[in-house]
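S.K.: The following comprises the amino acid sequence and a computationally predicted model.
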Amino acid sequence: MIDFESLSSFWARPDIAANITLLMDMLFALVLGLIFGYERSYHGRAAGMRTYGLVCMVSAALIAISGYSRQWFGGAVLGIGPVDPTRVVQGIVTGIGFLGAGIIMKDGLNISGLTTAASIWAASAIGVLVGLGFYVDAVGLTLLAVMFIMWGAKIGSFLPSRHPLAVVLQFRKGFLPSEEAIRKIALEHGYEIAQGSIAIQYRDRQVEWRFVAISLGKAREVPLAVLAKELPMLDGVESFQLSHARN
């Protein structure tokens, strides 16, 4: 039976303090999530400020509320002991895994969304830090994650690297290309065909090759625009498609 005493227990001083603390944690996590998500939104990614703000805020709420188990239901329900926060973290990570899997997309030889999925995982970690009271670390993780996403690719451009290229070649009807010849042409242009990446389709007497070509180095690779001019002159090539293999 609900009476005035049981209702007033919901607004006892410890419970008010817990509610205010939880509310402040959620607001703080929301702000950090919006800051983090703005970078993704600015670059036109599908997951933007709202997604990151919600992930960060809800993660903070779930982990923070586990620390106030004695205040659950206004302390009116007996037998609620301490809750293990590590189990709550496991649940958050599992849920974010499903969200990240929905963001990763495969289009032919290209895979996109990996960075966004990883950054949403980082947003949940920021929320967990806020919920546990590590506010300085939460701010630090936010700044580090944003800076790394913004400038990580630029830093990588100054380091030695081998860029992947997604290639689709469609040959005229009746023409049967030689793998050795295609590999030789790729090497002449500063690329090698990645092991196990060749996919061949034959339809209506017409052959189509799909593969990933890996650059042999910045000094040796031929620019994409130059390749586009030279490919139509290759024997048997009727149409082609070139794109940087994104991930």
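M.R.: Here it is on my side, so go on.
S.K.: gap between the two ends of stretch 99-113?
M.R.: 11 Å (CA to CA, to the nearest Å).
S.K.: Could you point out the helix or strand that follows the helix ranked longest in the chain?
M.R.: Assignment by DSSP state H gives helix 13-42 as the longest helix of the chain. For helix 13-42, the following helix or strand on the C-terminal side (DSSP states H and E) is helix 49-65.
S.K.: So which bits of that next one are buried?
M.R.: By neighbour count on 16 or more other CB atoms under 10 Å, the buried set for helix 49-65 is 49, 51-65. From N, CA and C alone the C-beta is placed, and that goes for glycine too.
S.K.: Go through the longest helix of the chain and flag the buried ones.
M.R.: 15, 18, 22, 25-26, 28-37, 39-41.
S.K.: helices or strands next to it in the packing?
M.R.: Here helix 13-42 touches helix 49-65, helix 114-132, helix 135-157, going by 3 or more CB pairs under 8 Å, 6 or more residues apart in numbering; DSSP states H and E.
S.K.: The residue lying closest to residue 88 once chain neighbours are set aside - how many residues pack around it?
M.R.: In this structure, residue 88 finds its nearest non-sequential neighbour in residue 66, 4.6 Å apart by CB to CB, 6 or more residues apart in numbering. As a burial measure, residue 66 scores 20 neighbours (other CB atoms under 10 Å).
S.K.: on that earlier part again, same list, the helices and strands packed on helix 13-42, but as JSON lines with distance to residue 209 and mean pLDDT please.
M.R.: Formatted as JSON lines, these follow (distance: least, CB to CB, whole Å; pLDDT from 0 to 100):
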{"stretch": "helix 49-65", "distance to residue 209": "38", "mean pLDDT": "83"}
{"stretch": "helix 114-132", "distance to residue 209": "26", "mean pLDDT": "83"}
{"stretch": "helix 135-157", "distance to residue 209": "29", "mean pLDDT": "80"}
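S.K.: Put together CSV for those, with distance to residue 203 on each row.
M.R.: Formatted as CSV, the helices and strands packed on helix 13-42 follow (distance: least, CB to CB, whole Å):
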stretch, distance to residue 203
helix 49-65, 40
helix 114-132, 32
helix 135-157, 38
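S.K.: Residue 164 and residue 210: what is the separation?
M.R.: Distance check for residue 164 against residue 210: by CB to CB, to the nearest Å, it reads 13 Å.
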